[in-house]
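[1] Everything below, folded, please.
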Amino acid sequence: MLQMANYEFIRKQHYVLGKSIRQISRETGYSRQVIRKALSSTEIPEYKLSRPKPKPVIDSVKHIILEWLRQDEQAPPKQRHTAKRIYQRLVEEYGFTGGESTIRRYVRELKTTPSKAFVPLEFPPG
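    The predicted structure is shown next:
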């Protein structure tokens with residue numbers, strides 16, 4: 001797999017120095033198809049998971065955390081659960097054996113959902 005630096009190197013060799021695809025292939029050891037792919041792609045390559053990784057530790061307590069956070073929506077801000085407090089309650093009440101960082105990560109994922117927003121498209125005349 002090509003690294004981003006290799007993509008840049010191949011593009012520089014071809015576009016700036018004017019080397020042919022075949023010559024770049026001989027010098028770098030990559031096939032001509034890979035060189036063509038590097039030249040044609042303009043976006044940064046990303047790794048994509050084929051399916052989400054299983055989370056056996058957090059799956060058993062997800063519904064509890066979601067319920068607590070739903071109840072917190074009506075509570076005053078000072079009385080809402082923090083990720084640390086959720087972890088402490090899970091350990092005390094349910095004997096949770098996972099790590100605090102696992103709970104923190106899950107709560108962060110839940111809280112960073114984008115809020116609904118809109119921009120009105122009404123403009124004053126003139």
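[2] use CA for all of it now, contacts and neighbours both
    OK.
[3] Would you mind splitting the protein into its domains for me?
    What the TED database lists as the domains of the chain is 4-40, 56-110.
[4] Which among those domains is found nearest to residue 49?
    domain 56-110 (17.5 Å; C-alpha to C-alpha).
[5] Endpoints of that closest one, how far apart?
    Taking C-alpha to C-alpha, to the nearest Å as the measure, domain 56-110 stretches 18 Å from start to finish.
[6] okay if I get the domains of the chain as TSV plus distance to residue 49, mean pLDDT and mean neighbour count?
    As requested, these are exported to TSV (distance: least, C-alpha to C-alpha, whole Å; pLDDT from 0 to 100; neighbours: other C-alpha atoms under 10 Å):
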stretch	distance to residue 49	mean pLDDT	mean neighbour count
domain 4-40	19	90	14
domain 56-110	18	93	14
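[7] Make CSV from the ones you listed and add distance to residue 126 to it.
    Formatted as CSV, these follow (distance: least, C-alpha to C-alpha, whole Å):
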stretch, distance to residue 126
domain 4-40, 47
domain 56-110, 43
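[8] gap between residue 117 and residue 55?
    Distance of residue 117 to residue 55, computed by C-alpha to C-alpha: 31 Å.
[9] whoops, residue 69 was the one
    20 Å.
[10] just residue 119 next, same as before
    From residue 119 over to residue 55 the distance is 38 Å, taken as C-alpha to C-alpha.
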